[in-house]
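Engineer: Structure of the sequence below:
(2 chains)
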There are 2 protein chains.
Amino acid sequence: MYFHDPHDRQSKELIPGLTIRSFWGEKMLASVVHLEPNTLLEEHSHPHEQVSMVLSGEIEFTIAGETKTVKAGELCIIPGDVPHYVKTGAGAVKILDVFSPVREDFKY
Amino acid sequence: MYFHDPHDRQSKELIPGLTIRSFWGEKMLASVVHLEPNTLLEEHSHPHEQVSMVLSGEIEFTIAGETKTVKAGELCIIPGDVPHYVKTGAGAVKILDVFSPVREDFKY
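Structural biologist: Prediction:
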């Protein structure tokens, strides 16, 4: 099972306004994230390293107190255990998050 | 240095018609790949697990002999040491590849 189309995967709501569709191997878990406008994912951290690429829209990332609006095609790399949060504005946003090691709590 | 805009990163040509812009942490290396039309990246394998998401265009992936046209928004997960190759058709393609562990040969 190498190929995945997120359209064929049931989504899971993490918080109101934020759903994921996740896929995983042995070392990484990839999560296609949809965020509704005006959604805040509050500050959190996890031991997993995170690569995030914005696929559409734009979103405000705050990582270790540093805030930046990240646009489609841009990415960020969040080391393990570094606190971060995201906030959408007037538009919906789609992101690809990849975590290593696999986030067991994102398997469903 | 958490935030990365591929437009600010010099590209590296891996083979004619295929360039990468790479970014890395401790556990993963992310590579934004541009492929010109009618480009073949010949069969190869590496011990790193690979998550690939097509960002624009469509491309034929063959993984362990299984071939599929992968379109924008779709992804594949290639286990370590599994042979694979890709071939573009009439259009250019943009992909995000994420490798774990970090591909040292993609640092530049």
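Engineer: Mind checking if stretch A:85-101 is in reach of chain B?
Structural biologist: Yes - Stretch A:85-101 lies within reach of chain B by C-beta under 8 Å from any C-beta of the partner chain, at A:96, A:98, A:100, A:101. C-betas here are computed from N, CA, C, even on glycine.
Engineer: what does chain A put close to chain B?
Structural biologist: Counting by C-beta under 8 Å from any C-beta, the residues of chain A lying close to chain B are A:2-7, A:23-28, A:30, A:32, A:49, A:51, A:53, A:55, A:61, A:63-64, A:66, A:68, A:70, A:73-80, A:82, A:96, A:98, A:100-101.
Engineer: Narrow these to those that are buried.
Structural biologist: For the residues of chain A next to chain B, a neighbour count by 16 or more other C-beta atoms under 10 Å in any protein chain shown gives the buried set as A:2-4, A:6, A:23-25, A:27-28, A:30, A:32, A:49, A:51, A:53, A:55, A:61, A:63, A:70, A:73-80, A:96, A:98, A:100-101.
Engineer: For the residue nearest the centre of chain A, pull up the helix or strand it's in.
Structural biologist: In chain A, the residue lying closest to the centroid (C-alpha atoms, centre = their mean) is residue A:97, at 4.1 Å. In the assignment (DSSP states H and E), residue A:97 maps to strand A:93-100.
Engineer: Format the CA atom coordinates belonging to that strand as PDB.
Structural biologist: C-alpha atoms of strand A:93-100 as PDB (Å, rounded to 0.1, in the frame of the first residue of the first chain):
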ATOM      1  CA  VAL A  93      -5.800  26.600   5.000                       C
ATOM      2  CA  LYS A  94      -4.400  23.200   4.000                       C
ATOM      3  CA  ILE A  95      -1.100  21.900   5.300                       C
ATOM      4  CA  LEU A  96       1.000  18.800   5.100                       C
ATOM      5  CA  ASP A  97       2.600  17.900   8.400                       C
ATOM      6  CA  VAL A  98       5.200  15.100   8.500                       C
ATOM      7  CA  PHE A  99       6.300  13.800  11.900                       C
ATOM      8  CA  SER A 100       9.300  11.600  12.900                       C
END
